[in-house]
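J.: I would like the atomic coordinates for the input below:
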Amino acid sequence: MSALARDALPALRAMQPQDLDRVFEIETRAYEFPWTMGIFHDCLRAGYGCWVLADNERVLGYGILSAAAGEAHILNVCVANEAQGRGHGRRLVQRLIDLSRWHRAERVFLEVRPSNPKAIALYHDLGFNEIGRRPNYYPAKGGREDAIVMAIELLPPER
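T.: This is a model prediction of the structure:
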């Protein structure tokens, strides 16, 4: 990839408190049952791995990771509707996997709605496998929706 093409890519950077209004806007436009602003504040305050993908300071997407005790959990990944289909979700998830390695996690978990086939396909493509289901995990129109639990095993770094 040329330097010019690389420079054209939106930047991955740590989420800042001033990003939260845009993050919350993306969240509420993407999901019928979005996280609250308080949850995003709590994730930042707790020191979770909170990252944004920004193009000229405009946040296009975000990802949040919790890592502890040899495991990591991708809590939320979302790309603005108008920026989808350009590989941004893949970059965010890959960044969270890399961050998991930095935290020396041996595996990374996530939950995904069965009604989100694009996300499921992305996670499979990145090496995640379904390891179980959580019944009635997500709120949904007319009731609840199960969660597919997925995981990827991370190889220990070579010495």
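J.: what residue lies at the spatial centre of the protein?
T.: Per Cα atoms, centre = their mean, the C-alpha nearest to the average position across the chain is that of V77, at 2.6 Å.
J.: check the offset of the helix or strand hosting that one from the chain's centre.
T.: Assigned by DSSP states H and E, V77 belongs to strand 71-79. Here the centre of strand 71-79 is set off from its chain's centre by 4 Å, with Cα atoms, centre = their mean, to the nearest Å.
J.: same for it, what does it pack against?
T.: helix 20-30, strand 58-68, helix 88-102, strand 107-112 (3 or more Cβ pairs under 8 Å, 6 or more residues apart in numbering; DSSP states H and E). C-beta here means a position set from N, CA and C on the backbone, and glycine is covered the same way.
J.: helix or strand: which one has I152?
T.: Going by DSSP H and E, I152 is in strand 143-153.
J.: in that strand, what's buried?
T.: 145-152 (16 or more other Cβ atoms under 10 Å).
J.: for those, give me CSV that also has distance to D55.
T.: Formatted as CSV, the buried residues of strand 143-153 follow (distance: Cβ to Cβ, whole Å):
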residue, distance to D55
E145, 32
D146, 35
A147, 31
I148, 31
V149, 32
M150, 28
A151, 31
I152, 28
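J.: ok, so of these, who is nearest A69?
T.: Checking the buried residues of strand 143-153 against A69 by Cβ to Cβ gives A151 as the nearest, at 14.8 Å.
J.: doesn't L126 make contact with that closest one?
T.: No: assessed by Cβ atoms under 8 Å, A151 is found out of contact with L126, at 11.6 Å.
J.: excluding its backbone neighbours, what's nearest I131?
T.: Nearest non-adjacent residue to I131, counting by Cβ to Cβ, 6 or more residues apart in numbering: A151, 4.9 Å away.
J.: return the residues in contact with that neighbour.
T.: Neighbour list for A151: 107-110, 128-129, 131 [criterion: Cβ atoms under 8 Å, 6 or more residues apart in numbering].
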